[in-house]
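>>> Task: produce atomic coordinates for the following.
(chains A and B)
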Amino acid sequence: MITAERKPFEEILGLLEGKEKVLVAGCDTCVAVCLTGGEKEAEILAAELSIKAKEDGRPLDVDHISAIRQCEWEYLDAIAEKVEQYPVVISMACGIGIQSMAEKFTDKLVLPAVNTNMLGMPQEHAVWYERCAACGDCVLGDTGGICPVVRCSKSLMNGPCGGSHDGKCEVTGPNKEEIDCAWQLIHDKLYAQGREDLLLRYTPPKDWSKSSSGGPRKMVKEEAKPV
Amino acid sequence: MADEQTTTTTAPAAADSPESTEPVSEEPEKPIDPDFEPEIIVFGCHYCAYAAADLAGSMRLQYPTNVRMIKLPCTGKLEIIHLLKALEAGADGVYAAGCLEGECHYLKGNLWARKRVEYTKKLLEEMGMEPERVEMFNMSSADGPLFAQRATEFTERIKRLGPSPVKRGKKAPAAKEGTPA
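Numbering: from 1, shown residues only, chains lettered A, B, ... in the order given. Predicted coordinates for the structure are as follows:
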């Protein structure tokens, strides 16, 4: 799923400086599952903003609402009545939802309350790991279901590199935690599957034009377009 | 040499011992307003704190009337928003009272509650409010005297902190100076 992290409260306050009527808009799909921007979290942010305004002795009319998905027009229609009452909307959806909101409600100031960070998987409760880079050219079939694009620190197509030691990458995570070497994992998996010959095959450089390097991507399904 | 050691250590020890052994030590210099009666919300677990409060009553124990209790089936039901809503509505302090750790009727409800209280403390810090206004206590259903003690201690703590900045409506003078009139 798409995961996001809430921006620091101070940054949110900065975005809302001088604003007196604000709607906090949550999204009940991906950001709700990653416990960042669902209805629950939207209500918490609204309460925090209200408390802060009361502390500072400044007026603030703040409320919250949540859309089933902020990234689809029909679900934005469902919250339009509430949104219309507020000149400023601070959205807790991912970047897609925030942009949809801004595109739909053109006269509103739509601001982000979260930083969208990855396509991640909850490996355990409340812990997400990045699993997909949406590169547009999936190689998982040849790599034992382990993505070298996102799980190898160098996104190598022919690994491992010399920085792999005892199954760990020489790069460490943001909190200095160790990262599994993706190519070690791929190697072990392919051997276990008896497909180790794939490791000897040279993989040519990746065509990044299918990723975001080729400009914003567009997908059309002609067979599903309304007639 | 022994004399030297004692003379160097006595001064700080003497300064420390009378007050710092007290469970609450935040902002000791702040004068306490004798007229301030804090409003305190307690989210109490049905299986322990609520029964302990009942026992405290049966035992005719005195504890401050500032404390108003909301019964929960388990402190695991407590959400961050409940704590925030109480503060937003003007409560001067809020605490959760759950079972002793390891003795939750639902196994881990009180541990979840503690995590949520700790997280709420962080949120309060971000908002410029004293994190001590929110707390988590543990007790058993037989702890009538402990319930009264915790209620008394927490009320004293909030009295020392003064009214909630939400209720005061204005931040401390330092913050007021920063904002143009």
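>>> make it CA atoms for all contacts and neighbour counts henceforth
OK.
>>> Point out where chain A drops to low pLDDT.
Filtered on pLDDT under 70, chain A yields no residues whatsoever.
>>> now the helices for it?
Here chain A has its helices, by DSSP state H, at A:9-15, A:30-33, A:39-56, A:73-83, A:95-104, A:148-151, A:182-192.
>>> What lies in contact with the last one?
Taking contacts as CA atoms under 8 Å, 6 or more residues apart in numbering or on different chains, the residues outside helix A:182-192 that touch it are A:143-148, A:151-152, A:159-160, A:164, A:167, A:196, A:198-199.
>>> at 10 Å what do you get?
With contact meaning CA atoms under 10 Å, 6 or more residues apart in numbering or on different chains, helix A:182-192 is reached by A:140, A:142-153, A:155-161, A:164-169, A:181, A:193-199.
>>> Would you mind listing which of these are buried?
Among the contacts of helix A:182-192, the ones that count as buried by 16 or more other CA atoms under 10 Å in any protein chain shown are A:143-144, A:146-153, A:156-157, A:159-160, A:164, A:167-169, A:181, A:196, A:199.
>>> which ones among the residues you listed are found in strands?
Using DSSP state E, A:S164, A:K168, A:C169 are the members of the buried ones among the contacts of helix A:182-192 that sit in strands.
>>> Any chance of CSV for those, columns distance to chain B?
Putting these into CSV (distance: CA to the nearest CA, whole Å) gives the following:
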residue, distance to chain B
A:S164, 37
A:K168, 32
A:C169, 32
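>>> Out of these, which comes closest to A:L45?
Using CA to CA, A:C169 comes nearest to A:L45 of these, at 37.6 Å.
>>> how close does the spatially closest residue to that closest one that is not a sequence neighbour sit to A:T172?
Distance criterion CA to CA, 6 or more residues apart in numbering or on different chains; nearest residue to A:C169, sequence neighbours excluded, is A:C181 at 4.7 Å. Counting by CA to CA, to the nearest Å, the gap from A:C181 to A:T172 is 11 Å.
>>> cool, B:G128 as well?
Counting by CA to CA - B:G128 and A:T172 are separated by 34 Å.
>>> rewinding a little: dump the helices of chain A to TSV, plus distance to B:N66.
Output for the helices of chain A, formatted as TSV (distance: least, CA to CA, whole Å):
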stretch	distance to B:N66
helix A:9-15	31
helix A:30-33	37
helix A:39-56	21
helix A:73-83	38
helix A:95-104	44
helix A:148-151	55
helix A:182-192	58
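>>> what's the closest of the ones you listed to B:G57?
It's helix A:39-56; of the helices of chain A, that one is closest to B:G57 (CA to CA) at 34.1 Å.
>>> Send over the closest one as PDB, restricted to the C-alpha atoms.
Extracted in PDB, the C-alpha atoms of helix A:39-56 (Å, rounded to 0.1, in the frame of the first residue of the first chain):
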ATOM      1  CA  GLU A  39     -10.500   9.500  10.100                       C
ATOM      2  CA  LYS A  40      -9.000   8.700  13.500                       C
ATOM      3  CA  GLU A  41      -5.800  10.600  12.800                       C
ATOM      4  CA  ALA A  42      -7.700  13.500  11.100                       C
ATOM      5  CA  GLU A  43      -9.700  13.900  14.300                       C
ATOM      6  CA  ILE A  44      -6.500  13.900  16.400                       C
ATOM      7  CA  LEU A  45      -4.900  16.600  14.200                       C
ATOM      8  CA  ALA A  46      -8.100  18.700  14.400                       C
ATOM      9  CA  ALA A  47      -8.100  18.400  18.200                       C
ATOM     10  CA  GLU A  48      -4.400  19.300  18.400                       C
ATOM     11  CA  LEU A  49      -5.000  22.400  16.200                       C
ATOM     12  CA  SER A  50      -8.000  23.400  18.300                       C
ATOM     13  CA  ILE A  51      -6.000  23.000  21.500                       C
ATOM     14  CA  LYS A  52      -3.100  25.000  20.200                       C
ATOM     15  CA  ALA A  53      -5.400  27.800  19.000                       C
ATOM     16  CA  LYS A  54      -7.100  27.900  22.400                       C
ATOM     17  CA  GLU A  55      -3.700  28.000  24.100                       C
ATOM     18  CA  ASP A  56      -2.600  30.900  21.900                       C
END
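>>> For it, list every residue counted as buried.
Using 16+ other CA under 10 Å as the test for burial, helix A:39-56 gives A:39-56.
>>> near chain B, which residues of chain A show up?
A:8-10, A:13, A:40-41, A:43-58 (CA under 10 Å from any CA of the partner chain).
>>> Please repeat the previous calculation with a cut-off of 8 Å.
A:9-10, A:40, A:43-44, A:47-48, A:50-52, A:54-57 (CA under 8 Å from any CA of the partner chain).
>>> In those, find the pair that's most separated.
Across the residues of chain A next to chain B, the longest distance by CA to CA is 25.7 Å; it joins A:K40 and A:G57.
>>> OK, contacts around the residue nearest to A:C169?
A:R151, A:C152, A:P160, A:S164, A:G167, A:K168, A:C169.
>>> contact partners of stretch A:94-108?
A:2-4, A:27, A:30-31, A:69-73, A:76, A:86-89, A:91-92, A:109-112, A:114-116.
>>> are any of those residues buried, and which?
Buried among the contacts of stretch A:94-108 (16+ other CA under 10 Å): A:2-4, A:27, A:30-31, A:69-71, A:76, A:86-89, A:91-92, A:110-112, A:114-116.
>>> Among those, name the ones in strands.
A:2-4, A:27, A:88-89, A:91, A:110-112, A:114-116.
>>> Might you list the low-confidence residue ranges for chain B?
Using pLDDT under 70, the flagged stretches of chain B are B:1-30, B:169-181.
>>> Okay, helices next: where are they in it?
Assignment of helices within chain B using DSSP H yields the ranges B:2-20, B:49-58, B:80-88, B:109-127, B:144-161, B:165-168, B:173-178.
>>> I'd like these as CSV, with distance to chain A appended.
Output for the helices of chain B, formatted as CSV (distance: least, CA to the nearest CA, whole Å):
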stretch, distance to chain A
helix B:2-20, 30
helix B:49-58, 26
helix B:80-88, 5
helix B:109-127, 6
helix B:144-161, 15
helix B:165-168, 5
helix B:173-178, 8
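>>> Serialize the ones you listed to CSV and add fields for mean neighbour count.
Below are the helices of chain B laid out as CSV (neighbours: other CA atoms under 10 Å in any protein chain shown):
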stretch, mean neighbour count
helix B:2-20, 10
helix B:49-58, 21
helix B:80-88, 21
helix B:109-127, 19
helix B:144-161, 21
helix B:165-168, 20
helix B:173-178, 10
